[in-house]
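Participant: Below are the sequence and a predicted model for it; my questions follow.
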Amino acid sequence: MRARTLATMLADTATDALRAEVDLTPKPGLVDARDSGAHQDMTHALMRASADALHLGFHDAAVAATRERDLVRLRAELGLLGRESEARMLLATNGVNTHRGAIWCLGLLVSAAAAEPGRWKADVLLDWVARMAVIKDPAVSPARCSNGQRAIRNYGVAGARGEAASGFAQIVDAGLPALRAGRKAGCSERVARLNALVALMGVLDDTCVLSRAGLEGLRAMQSQAARIGKLGGVGTCRGARELAGLDRNLIALNASPGGSADLLAATLFIDALETAASNQLGGRRASIEPVQENAHATTVA
Ligand SMILES: CC(C)(COP(=O)(O)OP(=O)(O)OC[C@H]1O[C@@H](n2cnc3c(N)ncnc32)[C@H](O[C@H]2O[C@H](COP(=O)(O)OP(=O)(O)OP(=O)(O)O)[C@@H](O)[C@H]2O)[C@@H]1O)[C@@H](O)C(=O)NCCC(=O)NCCS
Ligand SMILES: Nc1ncnc2[nH]cnc12
């Protein structure tokens with residue numbers, strides 16, 4: 001497959017994954033088709049506009065990863081492309097940081113898929129991501145001040161960079177298994193995706209939640225998310241009730257699990273590529289079907 005065709009297909013799939021995440025409803029504490037969760041600065045339309053603005057950056061990252069085989073040189077190039085994509089995001093959102101973390105995790109995954117064409121298994125892609133993420137970006141000062149860096153200093157968590165360097169274990173250990181278990185149990189795609197999000201929230205040290213609600217807030221979110229899984233997932237009556245309670249608690253804490261939302265998009269991206277590779281779909285789009293959302297969905301069906 002020609003590099004540009006592959007790059008376009010990967011950028012399409014990554015952007016579809018972000019749109020599917022934003023559209024998924026009802027999510028706890030996050031922007032969805034129903035409301036803005038714990039955010040005063042974001043809307044569903046803004047998140048969709050942001051996702052669309054990231055397509056070019058994903059495309060360029062895939063082209064770079066196809067052409068540049070030296071990982072150190074490629075790391076520097078991906079850093080530049082990532083910051084260009086962040087600038088396009090801020091233009092599209094009038095300055096709101098909607099997807100900085102998504103540019104990071106999906107940018108790395110798109111690059112991995114371009115560098116390993118057709119070897120689209122989760123462990124191959126995430127091993128490549130881990131090898132790339134440990135390489136220092138020459139253009140970024142380690143002292144860079146951000147909510148994530150403050151959370152790493154204050155709480156000793158891995159943060160987005162550290163999770164990437166560990167190969168985003170939460171995707172392999174929680175996100176993908178919950179997504180596929182839901183499908184295998186005959187749940188709707190919406191329920192399967194919500195179960196994957198909740199599974200990720202149960203195990204991820206999300207620096208967005210840490211910076212807004214501290215360690216106590218993060219641990220409360222993780223244990224309530226884990227409880228939903230123990231209740232049989234969001235498709236059960238008790239699971240759906242617990243999901244609604246988690247949404248209320250996160251809004252009361254003014255905490256939004258943006259990192260978990262990004263890793264849900266990353267989970268959907270990997271799932272689509274694994275499916276495409278196993279079906280030998282080759283250059284055709286690795287499809288992520290939209291779930292018909294009802295903006296008034298308060299229960300999960
Ligand atoms: C590696 C970077 C992501 C920088 O990371 P850093 O450690 O500096 O921290 P942040 O800049 O705060 O970004 C971290 C974002 O990553 C998401 N995230 C959080 N926890 C995790 C985790 N455990 N694992 C993976 N990812 C995680 C999360 O992103 C989402 O939330 C943001 C929206 O939520 P909000 O609460 O509004 O966020 P803020 O604006 O910070 O808070 P307020 O001010 O509004 O209160 C949004 O970004 C979502 O995507 C964290 O926010 C990476 O940016 C980097 O180094 N980039 C440089 C360029 C580069 O190298 N690019 C390579 C591309 S291949
Ligand atoms: N749906 C969402 N709501 C809030 N922050 C997010 N970051 C990524 N997706 C998000």
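Facilitator: Yep, that arrived. Residues are numbered from 1 along each chain as shown. Ligands and ions are numbered 1, 2, ... in the order given.
Participant: What's the local residue count around N254?
Facilitator: For N254, the neighbour count with other Cβ atoms under 10 Å is 14. (Glycine included, C-beta is placed from N, CA and C.)
Participant: quick one, what contacts it?
Facilitator: 38, 212-213 (Cβ atoms under 8 Å, 6 or more residues apart in numbering).
Participant: how much space between it and ligand 2?
Facilitator: Applying Cβ to the nearest ligand atom, to the nearest Å, the value for N254 to ligand 2 is 12 Å.
Participant: Then A240?
Facilitator: Here A240 is placed at a distance of 19 Å from ligand 2 (Cβ to the nearest ligand atom).
Participant: same question, Q222
Facilitator: Spatial separation of Q222 from ligand 2 under the definition Cβ to the nearest ligand atom is 17 Å.
Participant: Can I get the contacts of N254 in JSON lines including pLDDT, secondary structure and neighbour count?
Facilitator: As requested, these are exported to JSON lines (pLDDT from 0 to 100; DSSP: H, G, I helix; E, B strand; the rest coil; neighbours: other Cβ atoms under 10 Å):
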{"residue": "A38", "pLDDT": "96", "secondary structure": "coil", "neighbour count": "24"}
{"residue": "R212", "pLDDT": "96", "secondary structure": "helix", "neighbour count": "21"}
{"residue": "A213", "pLDDT": "97", "secondary structure": "helix", "neighbour count": "23"}
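Participant: nearest spatial neighbour of A51, skipping sequence neighbours?
Facilitator: Spatially, and ignoring its direct neighbours in sequence, A51 is nearest to L18 (3.8 Å; Cβ to Cβ, 6 or more residues apart in numbering).
Participant: need the residues of this structure near ligand 1, please.
Facilitator: By the criterion of Cβ under 6 Å from any ligand atom, the positions of the chain lying close to ligand 1 are 61, 78-79, 82-83, 97-105, 107-108, 111, 137, 140, 144, 146-149, 159-161, 163, 204-208, 256, 258-259, 262-263.
Participant: So which of these sit within helices?
Facilitator: 61, 78-79, 82-83, 100-105, 107-108, 111, 147-149, 159-161, 163, 207-208, 258-259, 262-263 (DSSP state H).
Participant: one step back: which ones, among the residues of the chain next to ligand 1, also lie beside ligand 2?
Facilitator: When contact is defined as Cβ under 6 Å from any ligand atom, these meet ligand 2 at 99, 102, 256, 258, 262.
Participant: give me the number of residues near the residue nearest to A51?
Facilitator: The criterion is other Cβ under 10 Å. On that basis, L18 has 30 neighbouring residues.
Participant: show me the contacts for the residue in the stretch 101-250 of the chain positioned nearest to ligand 2.
Facilitator: For the stretch 101-250 of the chain and ligand 2, the shortest gap (Cβ to the nearest ligand atom) falls at A102, measuring 5.8 Å. Contact criterion Cβ under 8 Å, 6+ apart gives 18, 54, 261-262, 265 as the residues in contact with A102.
Participant: Nearest spatial neighbour of R88, chain-adjacent residues omitted?
Facilitator: Using Cβ to Cβ, 6+ apart and skipping the chain neighbours, the partner closest in space to R88 is A53 (4.7 Å).
Participant: cool, S211 as well?
Facilitator: Spatial nearest neighbour of S211, excluding adjacent residues (Cβ to Cβ, 6+ apart): N147 at 3.9 Å.
Participant: Quick check: residues of this structure near ligand 2?
Facilitator: Applying the criterion Cβ under 6 Å from any ligand atom, the portion of the chain that neighbours ligand 2 consists of 21-22, 30-31, 37, 39, 42, 47, 99, 102, 256, 258, 261-262.
Participant: quick check, nearest of those to ligand 1?
Facilitator: Distances from ligand 1 to the residues of the chain next to ligand 2, taken as Cβ to the nearest ligand atom, are shortest for G258 (2.4 Å).
Participant: I am finished for the moment; much appreciated.
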